[in-house]
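> Quick one, structure for this:
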Amino acid sequence: MSLVLVAFLVPLALLVRTVAVDRAVQEATTRAQSISTLVATAGLEEVRLNVDLAIASGQAITVFWSDGSTLGTAAPRSASVALAATGQSLTAEIPGGREILFPASDPGGGSVVIRALVADEEMQRGVVRAWLILAALGLALLTVGLFVADRLAGAIVGPMLQLSGVSHRLGAGDLEARTAENGPPEVREVGRALNSLAERIRVLLAEERETVADFSHRLRTPLTALRLDAEQLDDPDDAVRICGSVDALERALTQVIQEARARADEATGTSGCDAAAVVRDRVDFWQVLAEDTNRSVATRLDPGPLEVRVGAADLAACVDAVLGNVFAHTPDGTDFAVELERVPSGGARLAVADAGPGLAPTLAVLAGGRPRRGDSGGGSTGLGLDIARRTATTSGGELLVEPSPLGGTQVVLLLGA
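Next comes the predicted model:
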């Protein structure tokens, strides 16, 4: 745009100056020619009157008579005047301007020279103003060009920057990020492809989470049933050996599930869930096994929604671990209760209490009722309580183990919002 303006305005500026010079010279030439005609045909007074009118209008006119006298603007009789007196019209550059000379003859046949002086100021009159107008026009055109170029570039760069932002958000785990399909056709096509890719990734990760959850739900119940069967064996050595194998298998299964959930949560950016819905679903799941083992379940669950800062899969695994401990470490027919309530300061309180033998002998090794990894009152590894503890602390809360109002053990999870 700048090059086009320079190529257009510079020649135009030179043309304006040339036109101004030609205009001034033409006016002076016309005036001098008219006076030369009067010198040959009119009287002295009429010539004097026209010379005075020319001077009054700003034109410097001098008439050199053949007798050496002059009329009009005072001027020296230069070599150019002498040359014009021989009958030759000419134009000569002089300091301060340009003189135009015309020869003529007076009524008596004498040689007369009419001189018109065009000053430099006269030849430059209006040029500066015209140049300023051209400069302003060029600046205005450049501004408009920049504005249009910015809009045109923005129509391409804007969607591309949006695509870049959505790509970074997807890379950070925000699978809900989508780009608006606008801009040039090629950019719109890239946007559609990126949105399709994001949706496909979201569906695949959702399927992965569902598979992990289903894997967890399907295997925990058989493992619990297997543990219960092993504990009822007549041979104590066989019971201990098989329970140890079940514990090892449960630890390996739990570790695999936890790692898979952690990867899925990291990829999907899971940050919270409705604790009421998750706890209600897990209690319903364990209700079937409770009926099979002649256990009574008392529930008091907040209707929700009750938002906590834990992923739904992690909270479900936590609830499964705590309820699984009830079935694993209390005899058949032991009643238990599940309570979920809203905390006024934000978050939730989940309590699972049972009427079993309790953990009274081991509460002395639990610092303030806060379990450590490996602490258990039933001879197990304590992995279930450790899963619950990590879930609670991840949300900004904590896990407490205390005597149950039912006479056994109560596990309390404080979940942050």
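> does residue 141 really touch residue 5, like I thought?
Yes - counting by C-beta atoms under 8 Å, residue 141 touches residue 5, with 6.1 Å between them. For the C-beta atoms, the positions are set from N, CA and C on the backbone; glycine is no exception.
> Helix or strand: which one has the residue of the chain positioned farthest from its centre?
Outermost residue of the chain with respect to the C-alpha centroid, by C-alpha atoms, centre = their mean, is residue 108; its distance is 93.2 Å. Assessed by DSSP states H and E, residue 108 sits outside every helix and strand.
> ok, it to residue 40 distance?
Taking C-beta to C-beta, to the nearest Å as the measure, residue 108 and residue 40 are separated by 11 Å.
> do the same with residue 248
Distance, residue 248 to residue 40, by C-beta to C-beta: 135 Å.
> Kindly report the same for residue 311.
113 Å.
> try residue 296
Residue 296 sits 141 Å away from residue 40, going by C-beta to C-beta.
> Can you read off the pLDDT for the residue farthest from the centre of the chain?
As predicted, residue 108 sits at a pLDDT of 73.
> ok, for it, nearest residue in space, not its chain neighbours?
residue 66 (7.9 Å; C-beta to C-beta, 6 or more residues apart in numbering).
> Three-state assignment for the one you found, please.
Recorded secondary structure, residue 66: coil (DSSP: H, G, I helix; E, B strand; the rest coil).
> What of residue 104?
Under three-state DSSP, residue 104 falls in the strand class.
> go on, residue 113?
Per three-state DSSP, the local secondary structure of residue 113 is strand.
> for residue 175, same thing?
Criterion first, three-state DSSP; result for residue 175: coil.
> pretty sure it is in contact with residue 198, am I right?
Yes - with contact defined as C-beta under 8 Å, residue 175 reaches residue 198; the gap is 6.2 Å.
> and the chain, what are its domains?
2-125, 170-199, 271-417 (automatic domain parsing).
> Dump these into CSV; add distance to residue 237 as well.
Formatted as CSV, these follow (distance: least, C-beta to C-beta, whole Å):
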stretch, distance to residue 237
domain 2-125, 95
domain 170-199, 50
domain 271-417, 15
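> of all the ones you listed, which gets the most neighbours per residue?
Of the domains of the chain, the one with the most neighbours on average (mean count of other C-beta atoms under 10 Å) is domain 271-417, at a mean of 19.
> Quickly note the distance from the residue nearest to residue 108 to residue 113.
As judged by C-beta to C-beta, residue 66 and residue 113 stand 9 Å apart.
> So which residues of the chain form strands?
Along the chain, the segments classed as strands by DSSP state E run 60-64, 70-72, 90-94, 97-105, 111-119, 273-274, 297-301, 307-308, 336-342, 348-354, 398-403, 409-415.
> neighbouring strands for the last one, and are they parallel or not?
In other words, strand 409-415. strand 348-354 (antiparallel), strand 398-403 (antiparallel) (DSSP bridges).
> Which of those comes out lowest on mean pLDDT?
Per-stretch mean pLDDT for those is lowest at strand 398-403 (a mean of 90).
> Distance from the chain centre to it, please.
Centroid displacement of strand 398-403 relative to its chain, using C-alpha atoms, centre = their mean, to the nearest Å, is 47 Å.
> pLDDT weak spots in the chain?
Applying pLDDT under 70 to the chain flags the ranges 209-210, 212-218, 220-221, 255-271, 359-384.
> longest helix of it?
Secondary structure of the chain per DSSP state H: the longest helix is helix 185-231.
> Which other helices and strands does that helix contact?
Contact analysis of helix 185-231 by 3 or more C-beta pairs under 8 Å, 6 or more residues apart in numbering; DSSP states H and E lists helix 127-171, helix 236-268, helix 275-292, helix 312-329 as its packing neighbours.
> tilt between it and helix 312-329?
Angle of helix 185-231 versus helix 312-329, following axes from the mean of the first three to the mean of the last three C-alpha atoms, to 10 degrees, is 0 degrees.
> What residues are bridge-paired with the closest residue to residue 343 other than its chain neighbours?
Spatial nearest neighbour of residue 343, excluding adjacent residues (C-beta to C-beta, 6+ apart): residue 349 at 5.5 Å. Residue 349 has these beta-bridge partners by DSSP bridges: residue 341, residue 414.
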